[in-house]
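> Okay, structure incoming, though there's no sequence with it:
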């Protein structure tokens, strides 16, 4: 899995896990993507540094040193948590 894809998947499920801290499946899935980031891409730290009306900014720190900043569309980052919430409200 490409770094960008793994990081975006982590971001989406991190937002779900934050909104639903008792959701074991969300927590396990978040941990899975953290494992992918660590094992496949050498990432040792992931931080959502800020967000604004349109973007979410995520910084990674790599094992060999150095950091890299990524930015993701906020609407896309929130889509999964919105889908989970809407599905739950319709049930």
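That came through fine. In this text the structure is predicted, and so the values were computed from the model without any measurement.

> Please identify which helix or strand holds the nearest residue to residue 77 once chain neighbours are set aside.
Excluding its sequence neighbours, the residue lying closest to residue 77 (C-beta to C-beta, 6 or more residues apart in numbering) is residue 56, at 4.8 Å. Any C-beta I mention is one placed from the backbone N, CA and C, and that applies to glycine too. Assignment of secondary structure by DSSP states H and E places residue 56 within strand 55-62.

> list the helices and strands that strand packs on?
Helices and strands touching strand 55-62, by 3 or more C-beta pairs under 8 Å, 6 or more residues apart in numbering; DSSP states H and E, are helix 3-19, strand 43-51, strand 67-73, helix 74-90.

> These into CSV, with extra columns for mean pLDDT, mean neighbour count and distance to residue 28?
CSV is the format used below for the helices and strands packed on strand 55-62 (pLDDT from 0 to 100; neighbours: other C-beta atoms under 10 Å; distance: least, C-beta to C-beta, whole Å):
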stretch, mean pLDDT, mean neighbour count, distance to residue 28
helix 3-19, 96, 19, 9
strand 43-51, 96, 14, 17
strand 67-73, 97, 14, 22
helix 74-90, 80, 13, 15
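
> among these, which is nearest residue 36?
Between residue 36 and the helices and strands packed on strand 55-62, the shortest separation by C-beta to C-beta is 4.8 Å, and it involves helix 3-19.

> what's the residue nearest the centre of the chain in contact with, if anything?
For the chain, the residue nearest the mean C-alpha position is residue 11 (1.3 Å; C-alpha atoms, centre = their mean). By C-beta atoms under 8 Å, 6 or more residues apart in numbering, the contact set of residue 11 is 48, 56, 58, 72, 77.
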